[in-house]
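# The sequence and its predicted three-dimensional model are supplied below.
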Amino acid sequence: MEQIYTIPVNEAFEASAADPACGCPFCALYNKLEDDELDLILGASMMEPDVRIQTNKEGFCRTHYDMMFVRKNRLGMALTLESHLDELKEDIRDGGFLSSPGQKPIKRITALESSCYVCRRIEFNFEHMIETAVLLWEKDDSFREKLRAQPYFCLPHYRRLLSVASEGLSKKKFPEFEKACATIVDGYLAKLKDDVSWFCKKFDYRYDEEPWYDSKDAVERAMRFLRSDLHRPPEKKK
């Protein structure tokens, strides 16, 4: 069941199945979408009028401002900021004598604080990728094998995967899907808990001579499992 829209999902699941260090396949998919969007907004899309209208309206969250800043295209970022600030200058100016004082800037800034051009575009595509993973599991036996071979799903993406599947699969098929995903997450959580516990024990002098086993990076892995592994710098997304 290979279609253009299924290729990124299949590739992410294949990579994580082949190398557990790739981690949660949905984190990898999110990071790839984010990388592509940031490249576009600082490159080909920067001067497109329809894009500029949207970036002027939505702006960017602090995370994506920071990620654009370190991509070393300060001119591209400055040009985007120039038109955004120019529009905001009018949008946050009080409405005048006949309007309620302060209400115009309050309304505009409130909207701006909860919007981000990059986040919105990522979320639109990412939701479809989760839906595609569920569809592939339902229609493609080979994808079921890829899913069973995953090292883990981080908890936020596990929740979203189950939520999408509960809406998209029949009452007959969903329990099988849920069991397959739960087996992966439960197994990883049990191993992770043991590794974190052993990491703690290694700071007790009585365990000083014992090997670390798989616990040296247990804290980092626990954080990625609990809160996802998103917003990586480009050089760490390979």
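Now that the structure is in, tell me what you want to look at. Numbers count the residues shown, from 1 in each chain.

# For the chain, which segments count as helices?
7-18, 25-41, 49-58, 62-69, 74-91, 103-113, 117-139, 141-148, 155-168, 174-201, 218-227 (DSSP state H).

# between those helices, which one is nearest to Glu210?
helix 174-201 (7.7 Å; CB to CB). All C-beta atoms are positioned from the backbone trio N, CA, C, and that covers glycine.

# one step back: now mean pLDDT and distance to Tyr207 too, for the helices of the chain, in CSV please.
Compiled in CSV, the helices of the chain are given as follows (pLDDT from 0 to 100; distance: least, CB to CB, whole Å):
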stretch, mean pLDDT, distance to Tyr207
helix 7-18, 98, 32
helix 25-41, 96, 32
helix 49-58, 95, 52
helix 62-69, 96, 39
helix 74-91, 93, 50
helix 103-113, 94, 48
helix 117-139, 97, 41
helix 141-148, 97, 35
helix 155-168, 98, 29
helix 174-201, 98, 5
helix 218-227, 98, 14
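
# Provide a list of residues in contact with the residue positioned nearest the centre of the chain.
Within the chain, the residue whose C-alpha comes closest to the C-alpha centroid is Tyr30; the distance, by CA atoms, centre = their mean, is 3.9 Å. For Tyr30, the contacting residues are Ile122, Phe126, Ser228, Leu230, by CB atoms under 8 Å, 6 or more residues apart in numbering.

# Of those, which pair is most distant in space?
Ile122 and Ser228 (12.8 Å).

# Would you mind telling me which of the two has more residues around it?
Higher neighbour count among Ile122 and Ser228: Ile122, with 22 against 19, using other CB atoms under 10 Å.

# burial of the nearest residue to the more buried one once chain neighbours are set aside, as a residue count?
Residue nearest to Ile122 in three dimensions, not counting chain neighbours: Leu33, with 4.8 Å by CB to CB, 6 or more residues apart in numbering. Neighbour count for Leu33, taken as other CB under 10 Å: 19.

# does Leu33 really touch Glu123, like I thought?
No - in this structure Leu33 lies outside contact range of Glu123 using CB atoms under 8 Å: 9.1 Å.

# distance of Glu37 from Tyr5?
17 Å (CB to CB, to the nearest Å).

# who has more neighbours, the two?
Neighbour count, other CB under 10 Å: between Glu37 and Tyr5, Glu37 has more, with 20 against 12.

# From what I see, that one and Phe124 are in contact.
No - the pair Glu37 and Phe124 does not pass the contact test of CB under 8 Å, sitting 10.5 Å apart.

# With distance to Glu210 added, can I get the helices of the chain in TSV?
TSV is the format used below for the helices of the chain (distance: least, CB to CB, whole Å):
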stretch	distance to Glu210
helix 7-18	31
helix 25-41	32
helix 49-58	53
helix 62-69	40
helix 74-91	50
helix 103-113	50
helix 117-139	40
helix 141-148	33
helix 155-168	30
helix 174-201	8
helix 218-227	14
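
# Most tightly packed of the ones you listed?
Ranked by mean neighbour count, the helices of the chain are led by helix 25-41 with a mean of 20 (mean count of other CB atoms under 10 Å).

# what angle do it and helix 141-148 make?
100 degrees (axes from the mean of the first three to the mean of the last three CA atoms, to 10 degrees).

# Next one, pLDDT for Met46 please.
Looking at Met46, its pLDDT is 80.

# Once you drop chain neighbours, what's closest to it?
Nearest to Met46 is Gly76, by CB to CB, 6+ apart, at 5.3 Å.

# just Glu87 next, same as before
Asn56 (4.5 Å).
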